[in-house]
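Trainee: Build me a structure from this.
(one chain, ligands or ions: 2)
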Amino acid sequence: MDIPKFEKIEDWFKFLTGLEPTGDQVNVLKSVTNLEDKKIVVSAGRQSGKTLTVAVAILYWVFCYNEPIKILLISPQTNVLYYHIRNIFDRNKDLFEGHVLAEGVYSLVPLRGFTTDRGTQVWVKGATDKQIRGIPADMVVIDEACEVKNDIILTALGNLSGKISKIILLSTPHKSNSLFVKWATEPESQFKVFQWSSEGLAWHDKTLLETKRKEMSREQYAVEVLGRPPTKEERAFFPKKHIDKCIFEGESVREGGQIEIGVDFGETESKTVLTVVEKIGKIRRKVLYVKSWKLPPELVAPEIMTEILKWKPSIVKADNRPKEYREALKKLTDKIVFLDGIFHKDLMLGQLQAHVREHNVLIPQNQVELIKQLTTYKRGKSTGDDYVDSLALACYEFEVPRTSFSKVAISSIE
Ligand SMILES: Nc1ncnc2c1ncn2[C@@H]1O[C@H](COP(=O)(O)OP(=O)(O)OP(=O)(O)O)[C@@H](O)[C@H]1O
Ligand SMILES: [Mg+2]
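Mentor: Ligands and ions are numbered 1, 2, ... in the order given. Reported below is the predicted structural model:
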(Lines give C-alpha, C1' and ligand atoms only; values in the text may rest on other atoms or scores of the structure.)
(Ligands and ions follow the chains in the order given, each with its own letter.)
Protein backbone atom coordinates (compact mmCIF):
# COMPACT_ATOMS: atom_id res chain seq x y z
CA MET A 1 0.00 0.00 0.00
CA ASP A 2 1.27 3.50 -0.78
CA ILE A 3 1.87 5.79 2.17
CA PRO A 4 -0.62 8.67 1.91
CA LYS A 5 0.66 12.26 1.78
CA PHE A 6 -0.85 14.89 4.02
CA GLU A 7 -0.68 18.68 3.58
CA LYS A 8 -0.70 19.25 7.29
CA ILE A 9 1.56 17.43 9.72
CA GLU A 10 -1.22 17.34 12.34
CA ASP A 11 -3.25 15.17 9.97
CA TRP A 12 -0.33 12.73 9.78
CA PHE A 13 -0.38 12.58 13.60
CA LYS A 14 -4.15 11.94 13.63
CA PHE A 15 -3.84 9.36 10.89
CA LEU A 16 -1.09 7.38 12.63
CA THR A 17 -2.24 7.60 16.26
CA GLY A 18 -5.99 8.21 16.07
CA LEU A 19 -5.43 11.08 18.53
CA GLU A 20 -5.92 14.83 18.22
CA PRO A 21 -2.60 16.65 18.79
CA THR A 22 -2.53 19.66 21.09
CA GLY A 23 -1.27 23.04 19.83
CA ASP A 24 2.09 22.44 21.55
CA GLN A 25 2.43 19.05 19.90
CA VAL A 26 1.65 20.58 16.49
CA ASN A 27 4.41 23.16 17.03
CA VAL A 28 6.92 20.40 17.72
CA LEU A 29 5.72 18.36 14.74
CA LYS A 30 6.27 21.39 12.50
CA SER A 31 9.69 22.17 13.89
CA VAL A 32 10.99 18.59 13.73
CA THR A 33 9.85 18.29 10.11
CA ASN A 34 11.28 21.68 9.14
CA LEU A 35 14.69 21.42 7.47
CA GLU A 36 15.69 24.82 8.88
CA ASP A 37 15.41 23.88 12.57
CA LYS A 38 18.63 22.06 13.38
CA LYS A 39 18.64 22.03 17.18
CA ILE A 40 15.48 21.30 19.11
CA VAL A 41 14.73 20.84 22.79
CA VAL A 42 11.37 19.58 24.04
CA SER A 43 10.97 20.14 27.78
CA ALA A 44 7.54 19.18 29.06
CA GLY A 45 5.78 17.61 32.03
CA ARG A 46 5.57 13.88 32.64
CA GLN A 47 3.31 11.92 30.29
CA SER A 48 2.51 15.04 28.32
CA GLY A 49 3.05 13.46 24.91
CA LYS A 50 6.58 14.60 24.04
CA THR A 51 7.93 11.22 22.98
CA LEU A 52 4.86 10.27 20.95
CA THR A 53 4.99 13.59 19.11
CA VAL A 54 8.61 13.16 18.11
CA ALA A 55 7.96 9.51 17.14
CA VAL A 56 5.29 10.71 14.70
CA ALA A 57 7.56 13.41 13.29
CA ILE A 58 10.36 10.87 12.80
CA LEU A 59 7.98 8.62 10.88
CA TYR A 60 7.28 11.56 8.60
CA TRP A 61 11.01 11.73 7.75
CA VAL A 62 11.14 7.95 7.37
CA PHE A 63 8.19 7.55 5.01
CA CYS A 64 7.47 10.97 3.49
CA TYR A 65 10.92 12.49 2.84
CA ASN A 66 12.06 11.92 -0.70
CA GLU A 67 15.62 10.73 0.01
CA PRO A 68 16.91 7.81 2.08
CA ILE A 69 18.34 9.05 5.38
CA LYS A 70 19.85 7.70 8.60
CA ILE A 71 18.23 8.33 11.96
CA LEU A 72 19.74 7.47 15.32
CA LEU A 73 17.39 7.05 18.29
CA ILE A 74 19.15 7.11 21.66
CA SER A 75 17.70 6.54 25.08
CA PRO A 76 19.15 5.63 28.47
CA GLN A 77 16.79 2.74 29.27
CA THR A 78 13.88 1.25 27.34
CA ASN A 79 13.47 3.22 24.16
CA VAL A 80 9.93 4.53 24.58
CA LEU A 81 10.17 6.49 21.38
CA TYR A 82 10.77 3.28 19.49
CA TYR A 83 8.01 1.62 21.50
CA HIS A 84 5.62 4.29 20.17
CA ILE A 85 6.91 3.71 16.63
CA ARG A 86 6.29 -0.03 16.91
CA ASN A 87 2.82 0.61 18.30
CA ILE A 88 2.07 2.79 15.33
CA PHE A 89 3.29 0.03 12.97
CA ASP A 90 1.01 -2.38 14.79
CA ARG A 91 -1.99 -0.07 14.50
CA ASN A 92 -1.38 0.43 10.78
CA LYS A 93 -0.25 -3.06 9.70
CA ASP A 94 -1.75 -2.93 6.23
CA LEU A 95 -0.13 0.37 5.48
CA PHE A 96 3.42 -0.41 6.55
CA GLU A 97 3.58 -4.01 5.41
CA GLY A 98 6.17 -4.26 2.69
CA HIS A 99 7.80 -0.95 3.58
CA VAL A 100 9.59 -2.03 6.77
CA LEU A 101 12.54 -4.44 6.76
CA ALA A 102 14.41 -5.84 9.70
CA GLU A 103 17.70 -7.66 9.34
CA GLY A 104 16.93 -8.37 5.73
CA VAL A 105 13.41 -9.69 6.22
CA TYR A 106 10.07 -7.95 6.13
CA SER A 107 8.81 -7.59 9.65
CA LEU A 108 6.41 -5.15 11.14
CA VAL A 109 7.86 -4.85 14.60
CA PRO A 110 11.63 -5.26 14.36
CA LEU A 111 13.38 -4.94 17.71
CA ARG A 112 16.52 -2.95 17.15
CA GLY A 113 15.67 -0.56 14.38
CA PHE A 114 14.77 -1.07 10.76
CA THR A 115 15.40 -0.17 7.14
CA THR A 116 12.67 0.90 4.76
CA ASP A 117 12.18 -0.38 1.25
CA ARG A 118 13.55 2.96 0.03
CA GLY A 119 16.74 2.64 2.08
CA THR A 120 16.10 4.88 5.08
CA GLN A 121 17.69 3.45 8.23
CA VAL A 122 16.59 3.82 11.83
CA TRP A 123 19.04 2.75 14.52
CA VAL A 124 17.92 2.20 18.12
CA LYS A 125 20.79 2.51 20.57
CA GLY A 126 21.48 2.78 24.28
CA ALA A 127 23.17 5.87 25.67
CA THR A 128 26.71 4.54 25.78
CA ASP A 129 29.75 5.70 23.92
CA LYS A 130 30.36 2.21 22.56
CA GLN A 131 26.85 1.88 21.12
CA ILE A 132 26.70 5.20 19.32
CA ARG A 133 30.25 5.88 18.17
CA GLY A 134 30.75 5.38 14.47
CA ILE A 135 27.14 5.47 13.32
CA PRO A 136 26.69 8.21 10.73
CA ALA A 137 23.39 10.05 11.06
CA ASP A 138 21.33 12.79 9.44
CA MET A 139 19.26 13.07 12.58
CA VAL A 140 19.79 12.17 16.23
CA VAL A 141 17.00 11.95 18.78
CA ILE A 142 17.85 11.65 22.47
CA ASP A 143 14.88 10.77 24.65
CA GLU A 144 15.01 11.20 28.46
CA ALA A 145 17.99 13.43 27.72
CA CYS A 146 18.45 14.51 31.37
CA GLU A 147 19.36 10.91 32.14
CA VAL A 148 22.06 10.83 29.49
CA LYS A 149 25.59 11.86 30.48
CA ASN A 150 26.73 15.14 28.97
CA ASP A 151 29.73 13.59 27.22
CA ILE A 152 27.50 11.00 25.54
CA ILE A 153 25.29 13.80 24.22
CA LEU A 154 28.40 15.47 22.84
CA THR A 155 29.52 12.19 21.25
CA ALA A 156 26.09 11.92 19.62
CA LEU A 157 26.45 15.43 18.20
CA GLY A 158 29.59 14.18 16.49
CA ASN A 159 27.57 11.53 14.63
CA LEU A 160 25.74 14.17 12.62
CA SER A 161 26.62 15.26 9.13
CA GLY A 162 24.91 16.30 5.90
CA LYS A 163 22.34 18.90 4.97
CA ILE A 164 19.72 17.79 7.49
CA SER A 165 22.03 17.50 10.55
CA LYS A 166 19.37 17.73 13.18
CA ILE A 167 19.50 16.98 16.89
CA ILE A 168 16.39 16.66 19.03
CA LEU A 169 16.46 16.26 22.79
CA LEU A 170 13.42 15.48 24.90
CA SER A 171 13.02 15.21 28.64
CA THR A 172 11.50 16.54 31.77
CA PRO A 173 14.07 19.06 32.98
CA HIS A 174 14.91 17.29 36.22
CA LYS A 175 18.71 17.51 36.31
CA SER A 176 19.96 21.05 36.71
CA ASN A 177 23.53 20.32 35.70
CA SER A 178 22.54 18.52 32.48
CA LEU A 179 23.33 19.82 29.00
CA PHE A 180 19.60 19.46 28.37
CA VAL A 181 18.74 22.07 31.01
CA LYS A 182 21.64 24.26 29.91
CA TRP A 183 20.50 24.23 26.29
CA ALA A 184 16.85 24.66 27.28
CA THR A 185 17.59 27.78 29.31
CA GLU A 186 20.49 29.57 27.67
CA PRO A 187 19.48 31.46 24.51
CA GLU A 188 23.15 31.48 23.35
CA SER A 189 22.80 27.72 22.80
CA GLN A 190 20.49 28.57 19.85
CA PHE A 191 18.23 25.62 20.48
CA LYS A 192 14.56 25.95 19.57
CA VAL A 193 12.85 25.27 22.87
CA PHE A 194 9.36 23.84 23.23
CA GLN A 195 7.91 23.67 26.68
CA TRP A 196 4.51 22.70 27.95
CA SER A 197 2.75 21.53 31.04
CA SER A 198 0.82 18.37 31.89
CA GLU A 199 -1.84 20.61 33.45
CA GLY A 200 -5.01 20.89 31.43
CA LEU A 201 -4.28 17.96 29.08
CA ALA A 202 -7.40 15.97 28.28
CA TRP A 203 -5.70 12.63 29.08
CA HIS A 204 -4.59 13.69 32.57
CA ASP A 205 -6.78 13.16 35.59
CA LYS A 206 -7.54 16.40 37.44
CA THR A 207 -7.63 14.90 40.93
CA LEU A 208 -4.19 13.31 40.45
CA LEU A 209 -2.82 16.67 39.37
CA GLU A 210 -4.34 18.22 42.47
CA THR A 211 -2.53 15.66 44.65
CA LYS A 212 0.75 16.40 42.90
CA ARG A 213 0.27 20.11 43.46
CA LYS A 214 -0.30 19.47 47.17
CA GLU A 215 2.50 17.00 47.76
CA MET A 216 5.31 18.20 45.55
CA SER A 217 7.64 21.07 46.39
CA ARG A 218 7.32 24.14 44.19
CA GLU A 219 10.54 23.22 42.34
CA GLN A 220 9.50 19.61 41.84
CA TYR A 221 6.08 20.60 40.53
CA ALA A 222 7.69 23.08 38.11
CA VAL A 223 9.92 20.34 36.71
CA GLU A 224 7.64 17.28 36.77
CA VAL A 225 4.31 18.85 35.86
CA LEU A 226 5.01 22.20 34.25
CA GLY A 227 8.11 20.95 32.41
CA ARG A 228 9.80 24.22 33.28
CA PRO A 229 13.59 23.93 33.59
CA PRO A 230 15.11 25.57 36.65
CA THR A 231 16.32 29.07 35.85
CA LYS A 232 19.99 30.01 36.08
CA GLU A 233 19.17 31.56 39.45
CA GLU A 234 17.49 28.41 40.74
CA ARG A 235 20.42 26.32 39.54
CA ALA A 236 23.09 28.46 41.18
CA PHE A 237 25.23 26.68 43.75
CA PHE A 238 24.96 29.78 45.94
CA PRO A 239 21.54 31.29 45.18
CA LYS A 240 21.75 35.04 44.63
CA LYS A 241 18.91 35.82 47.02
CA HIS A 242 20.92 34.19 49.82
CA ILE A 243 24.23 35.80 48.83
CA ASP A 244 22.47 39.18 48.98
CA LYS A 245 21.42 38.47 52.55
CA CYS A 246 25.04 37.72 53.51
CA ILE A 247 26.34 41.09 52.32
CA PHE A 248 26.61 44.03 54.67
CA GLU A 249 27.50 47.67 54.10
CA GLY A 250 30.55 49.36 55.53
CA GLU A 251 33.79 48.19 57.08
CA SER A 252 34.39 44.77 58.52
CA VAL A 253 35.21 45.36 62.19
CA ARG A 254 36.40 42.71 64.61
CA GLU A 255 34.15 41.50 67.36
CA GLY A 256 36.61 39.55 69.47
CA GLY A 257 36.10 36.11 67.95
CA GLN A 258 38.77 33.62 66.86
CA ILE A 259 40.56 34.26 63.60
CA GLU A 260 40.84 31.54 60.95
CA ILE A 261 42.66 31.77 57.63
CA GLY A 262 42.12 29.87 54.39
CA VAL A 263 44.68 29.81 51.55
CA ASP A 264 43.97 28.55 48.05
CA PHE A 265 47.06 28.38 45.86
CA GLY A 266 47.16 29.70 42.33
CA GLU A 267 47.69 27.28 39.49
CA THR A 268 48.09 28.26 35.87
CA GLU A 269 45.05 30.54 35.47
CA SER A 270 44.18 31.48 39.03
CA LYS A 271 45.69 33.49 41.85
CA THR A 272 46.77 32.51 45.32
CA VAL A 273 44.00 33.83 47.57
CA LEU A 274 44.16 34.25 51.34
CA THR A 275 40.94 34.86 53.28
CA VAL A 276 40.76 35.90 56.92
CA VAL A 277 37.51 35.17 58.73
CA GLU A 278 36.40 35.76 62.29
CA LYS A 279 34.33 33.13 64.04
CA ILE A 280 31.42 34.78 65.75
CA GLY A 281 29.62 32.48 68.16
CA LYS A 282 29.53 28.88 67.02
CA ILE A 283 28.37 29.21 63.46
CA ARG A 284 28.74 32.71 62.07
CA ARG A 285 31.77 33.74 60.06
CA LYS A 286 32.68 37.28 59.16
CA VAL A 287 35.05 37.99 56.28
CA LEU A 288 37.63 40.44 57.61
CA TYR A 289 40.19 40.52 54.86
CA VAL A 290 40.99 38.98 51.46
CA LYS A 291 44.29 39.23 49.64
CA SER A 292 45.42 37.75 46.36
CA TRP A 293 48.74 37.34 44.56
CA LYS A 294 49.90 36.09 41.23
CA LEU A 295 53.35 34.97 42.35
CA PRO A 296 55.39 31.77 42.23
CA PRO A 297 55.62 29.62 45.40
CA GLU A 298 58.94 30.94 46.74
CA LEU A 299 57.73 34.57 46.50
CA VAL A 300 54.19 34.07 47.77
CA ALA A 301 55.19 32.03 50.83
CA PRO A 302 56.84 34.96 52.71
CA GLU A 303 53.83 37.16 51.83
CA ILE A 304 51.51 34.58 53.38
CA MET A 305 53.77 34.44 56.48
CA THR A 306 53.51 38.22 56.90
CA GLU A 307 49.71 37.96 56.93
CA ILE A 308 49.78 35.07 59.40
CA LEU A 309 52.00 37.04 61.78
CA LYS A 310 49.74 40.06 61.43
CA TRP A 311 46.44 38.26 62.06
CA LYS A 312 47.58 35.65 64.63
CA PRO A 313 44.98 33.10 63.57
CA SER A 314 44.00 30.08 65.64
CA ILE A 315 44.32 27.97 62.51
CA VAL A 316 45.52 28.30 58.91
CA LYS A 317 44.04 25.85 56.41
CA ALA A 318 45.53 25.47 52.96
CA ASP A 319 45.12 23.16 49.99
CA ASN A 320 47.94 20.60 49.89
CA ARG A 321 48.34 21.12 46.15
CA PRO A 322 50.30 22.18 44.15
CA LYS A 323 53.06 20.64 46.22
CA GLU A 324 55.58 23.40 45.35
CA TYR A 325 53.55 25.87 47.45
CA ARG A 326 53.24 23.44 50.31
CA GLU A 327 56.97 22.82 50.30
CA ALA A 328 57.80 26.54 50.15
CA LEU A 329 55.57 27.21 53.17
CA LYS A 330 56.82 24.24 55.15
CA LYS A 331 60.30 25.78 55.05
CA LEU A 332 58.89 28.81 56.90
CA THR A 333 56.36 27.34 59.35
CA ASP A 334 54.98 24.12 60.70
CA LYS A 335 51.70 25.75 61.77
CA ILE A 336 49.66 25.28 58.58
CA VAL A 337 47.13 22.48 58.13
CA PHE A 338 47.30 21.18 54.58
CA LEU A 339 44.09 19.55 53.44
CA ASP A 340 43.74 17.14 50.56
CA GLY A 341 41.37 18.85 48.13
CA ILE A 342 40.25 15.56 46.59
CA PHE A 343 38.93 14.41 49.95
CA HIS A 344 37.73 17.70 51.42
CA LYS A 345 36.56 19.88 48.53
CA ASP A 346 32.95 18.67 48.33
CA LEU A 347 32.59 18.81 52.10
CA MET A 348 34.07 22.30 52.28
CA LEU A 349 31.81 23.63 49.58
CA GLY A 350 28.82 21.86 51.08
CA GLN A 351 29.48 23.59 54.38
CA LEU A 352 29.93 26.95 52.70
CA GLN A 353 26.71 26.44 50.76
CA ALA A 354 24.84 25.77 54.02
CA HIS A 355 26.42 28.86 55.62
CA VAL A 356 25.33 31.00 52.68
CA ARG A 357 21.79 29.59 52.65
CA GLU A 358 21.45 30.29 56.35
CA HIS A 359 23.05 33.74 55.95
CA ASN A 360 25.78 32.81 58.39
CA VAL A 361 28.66 34.23 56.34
CA LEU A 362 28.95 37.98 56.64
CA ILE A 363 30.61 39.57 53.63
CA PRO A 364 31.41 43.27 53.38
CA GLN A 365 30.06 44.71 50.15
CA ASN A 366 33.51 45.94 49.07
CA GLN A 367 34.58 42.28 48.50
CA VAL A 368 33.48 42.62 44.89
CA GLU A 369 35.51 39.76 43.39
CA LEU A 370 34.44 37.32 46.10
CA ILE A 371 30.77 38.24 45.65
CA LYS A 372 31.08 37.94 41.88
CA GLN A 373 32.66 34.49 42.13
CA LEU A 374 30.04 33.27 44.61
CA THR A 375 27.29 34.38 42.24
CA THR A 376 28.72 32.58 39.22
CA TYR A 377 30.09 29.54 41.07
CA LYS A 378 29.35 26.16 39.54
CA ARG A 379 30.29 22.78 40.90
CA GLY A 380 33.28 21.32 39.10
CA LYS A 381 34.38 24.69 37.79
CA SER A 382 38.13 24.86 37.42
CA THR A 383 38.85 28.55 36.91
CA GLY A 384 37.42 31.69 38.44
CA ASP A 385 36.69 30.04 41.76
CA ASP A 386 39.85 30.79 43.71
CA TYR A 387 38.17 33.33 46.03
CA VAL A 388 35.35 30.88 46.74
CA ASP A 389 37.76 28.02 47.49
CA SER A 390 39.79 30.26 49.78
CA LEU A 391 36.68 31.33 51.72
CA ALA A 392 35.50 27.71 51.89
CA LEU A 393 38.85 26.74 53.43
CA ALA A 394 38.74 29.62 55.91
CA CYS A 395 35.24 28.65 57.10
CA TYR A 396 35.78 24.88 57.01
CA GLU A 397 35.20 22.87 60.18
CA PHE A 398 36.65 19.42 59.87
CA GLU A 399 37.03 16.46 62.09
CA VAL A 400 40.27 14.58 62.07
CA PRO A 401 39.25 11.12 60.93
CA ARG A 402 40.18 8.48 63.50
CA THR A 403 40.93 5.69 61.06
CA SER A 404 44.15 5.22 59.15
CA PHE A 405 42.35 7.05 56.36
CA SER A 406 43.48 10.29 58.04
CA LYS A 407 46.85 9.77 56.41
CA VAL A 408 45.20 10.15 53.05
CA ALA A 409 42.92 13.01 54.00
CA ILE A 410 45.32 15.29 55.76
CA SER A 411 48.84 15.31 54.50
CA SER A 412 50.22 17.23 57.42
CA ILE A 413 48.64 18.34 60.62
CA GLU A 414 50.97 19.73 63.21
N1 LIG B 1 -2.65 14.34 21.77
C2 LIG B 1 -2.90 13.34 22.61
N3 LIG B 1 -4.15 12.97 22.88
C4 LIG B 1 -4.43 11.98 23.76
N5 LIG B 1 -3.51 11.27 24.42
C6 LIG B 1 -2.21 11.61 24.19
C7 LIG B 1 -1.86 12.64 23.28
N8 LIG B 1 -0.50 12.74 23.27
C9 LIG B 1 -0.06 11.79 24.13
N10 LIG B 1 -1.08 11.12 24.68
C11 LIG B 1 -1.01 10.04 25.68
O12 LIG B 1 0.05 10.26 26.56
C13 LIG B 1 0.82 9.08 26.66
C14 LIG B 1 2.25 9.41 26.97
O15 LIG B 1 2.86 9.98 25.85
P16 LIG B 1 4.43 10.13 25.75
O17 LIG B 1 5.08 8.84 26.00
O18 LIG B 1 4.72 10.81 24.48
O19 LIG B 1 4.65 11.12 26.98
P20 LIG B 1 6.00 11.76 27.51
O21 LIG B 1 5.73 13.21 27.73
O22 LIG B 1 7.13 11.39 26.65
O23 LIG B 1 6.08 11.04 28.93
P24 LIG B 1 7.37 10.77 29.88
O25 LIG B 1 7.55 12.03 30.65
O26 LIG B 1 6.96 9.64 30.75
O27 LIG B 1 8.52 10.46 28.98
C28 LIG B 1 0.65 8.38 25.33
O29 LIG B 1 0.87 7.00 25.42
C30 LIG B 1 -0.78 8.69 24.99
O31 LIG B 1 -1.62 7.78 25.61
MG1 LIG C 1 8.85 10.30 27.05
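
Trainee: and I363, that's in a helix?
Mentor: No - assigned with DSSP: H, G, I helix; E, B strand; the rest coil, I363 falls outside any helix and is strand.

Trainee: start to end distance for stretch 311-323?
Mentor: For stretch 311-323, the first and last residues are 25 Å from each other (CA to CA, to the nearest Å).

Trainee: What sits closest to L329 if chain neighbours are left out?
Mentor: Distances taken as CB to CB, 6 or more residues apart in numbering place A301 nearest to L329, at 4.9 Å, with adjacent residues excluded. In short, each C-beta sits where N, CA and C put it, glycine included.

Trainee: what's the spacing between the one you found and ligand 1?
Mentor: Computed as CB to the nearest ligand atom, to the nearest Å, the A301 to ligand 1 distance reads 56 Å.

Trainee: Can you name the secondary structure element that comes next after the helix or strand harbouring that residue?
Mentor: Element membership of A301, judged by DSSP states H and E, is helix 297-311. For helix 297-311, the succeeding helix or strand toward the C-terminus, using DSSP H and E, is strand 315-319.

Trainee: Only the buried residues of that following strand, if you could.
Mentor: Residues V316, K317, A318, D319 are the ones in strand 315-319 that count as buried (16 or more other CB atoms under 10 Å).

Trainee: Pull the residues that contact it.
Mentor: Around strand 315-319, the neighbours that count as contacts under CB atoms under 8 Å, 6 or more residues apart in numbering are 260-265, 308, 325-326, 329, 335-339, 341, 389, 393-394, 396.

Trainee: Quick check, pLDDT for the residue nearest the centre of the chain.
Mentor: Central residue of the chain (CA atoms, centre = their mean): N177, 1.5 Å from the mean position. Note on N177: pLDDT of 85.

Trainee: same check, this time on the one 4 residues further on
Mentor: Confidence per residue is given as pLDDT, and for V181 that number is 95.

Trainee: before we move on, what SS does it have?
Mentor: Recorded secondary structure, V181: helix (three-state DSSP).

Trainee: got any ranges where the stretch 1-150 of the chain has weak pLDDT?
Mentor: The stretch 1-150 of the chain contains residues with pLDDT under 70 at 103-108.

Trainee: Ligand 1 contacts on that one?
Mentor: Contact residues, the stretch 1-150 of the chain versus ligand 1 (CB under 6 Å from any ligand atom): 19-22, 25, 44, 46-52, 80.

Trainee: Filter the contacts of strand 315-319 down to the ones in helices?
Mentor: Per DSSP state H, helices hold the following members of the contacts of strand 315-319: I308, Y325, R326, L329, G341, D389, L393, A394.

Trainee: what two of the residues you listed have the greatest distance between them?
Mentor: Spatial extent of the ones in helices among the contacts of strand 315-319 (CB to CB) is set by the pair I308 and G341 at 20.5 Å.

Trainee: Which residue of these two possesses the greater neighbour count?
Mentor: I308 (21 against 16; other CB atoms under 10 Å).

Trainee: With the flanking residues excluded, which residue is spatially nearest to the more buried one?
Mentor: V316 (5.9 Å).

Trainee: Look at K206 and report its pLDDT.
Mentor: If you check K206, the pLDDT there is 89.

Trainee: count of neighbours near it?
Mentor: Using other CB under 10 Å, K206 has 8 other residues around it.

Trainee: got a list of what Q190 touches?
Mentor: Counting by CB under 8 Å, 6+ apart, Q190 touches K39.

Trainee: if we go to 6 Å?
Mentor: Contact analysis of Q190 by CB atoms under 6 Å, 6 or more residues apart in numbering lists nothing.

Trainee: and if you look at S197?
Mentor: Applying CB under 6 Å, 6+ apart to S197 gives the contacts G45, L226, G227.

Trainee: From G281, how far out is the last one?
Mentor: As for G227, its distance to G281 is 44 Å (criterion: CB to CB, to the nearest Å).

Trainee: cool, the first one as well?
Mentor: With the distance defined as CB to CB, G45 ends up 45 Å from G281.

Trainee: Looking at the two, which is more packed in?
Mentor: Using other CB under 10 Å as the criterion, G45 and G281 rank with G45 on top: 26 against 9.

Trainee: How about the backbone phi and psi for L160?
Mentor: Backbone geometry at L160, expressed as degrees, to the nearest 10, gives phi -80, psi 140.

Trainee: Check what pLDDT E414 gets.
Mentor: For E414, the pLDDT comes out at 39.

Trainee: Quick check: the residue of the stretch 301-414 of the chain nearest ligand 1.
Mentor: In the stretch 301-414 of the chain, the residue that lies nearest ligand 1 is R379 (26.1 Å; CB to the nearest ligand atom).

Trainee: wait, is that residue part of a helix?
Mentor: No - the assignment for R379 by three-state DSSP gives coil, which leaves it out of any helix.

Trainee: Report the contact partners of it.
Mentor: R379 makes contact with F237, according to CB under 6 Å, 6+ apart.

Trainee: That one and K192, how far apart?
Mentor: 28 Å.

Trainee: try H242
Mentor: 33 Å.

Trainee: what does T51 give?
Mentor: 18 Å.

Trainee: Those two: which is more packed in?
Mentor: T51 (24 against 17).

Trainee: Report the secondary structure state of that one.
Mentor: Assignment for T51 (three-state DSSP): helix.

Trainee: and it, what is it in contact with?
Mentor: Neighbouring residues of T51 by CB under 6 Å, 6+ apart: V80, L81, D143.

Trainee: May I ask you to confirm that the second one is in contact with D143?
Mentor: Yes - if you go by CB atoms under 6 Å, L81 and D143 touch, sitting 4.8 Å apart.

Trainee: isn't the residue nearest to L329 right next to A328, touching?
Mentor: Yes - using CB under 6 Å, A301 is in contact with A328, at 4.0 Å.

Trainee: and the two? which has more neighbours close in?
Mentor: Taking neighbours as other CB under 10 Å, A301 and A328 compare with A301 leading, 21 against 18.

Trainee: On the pLDDT front, check that one for me.
Mentor: A301 is assigned 96 on the pLDDT scale.

Trainee: Contact partners for it?
Mentor: Residues in contact with A301 (CB under 6 Å, 6+ apart) are A328, L329, L332.

Trainee: which residue sits closest to the last one in space, ignoring its chain neighbours?
Mentor: The reference is to L332. L332 sits nearest to M305 (CB to CB, 6+ apart), 5.2 Å away.

Trainee: Could you check how many residues crowd around that neighbour?
Mentor: Neighbourhood size, M305 [other CB under 10 Å]: 15.
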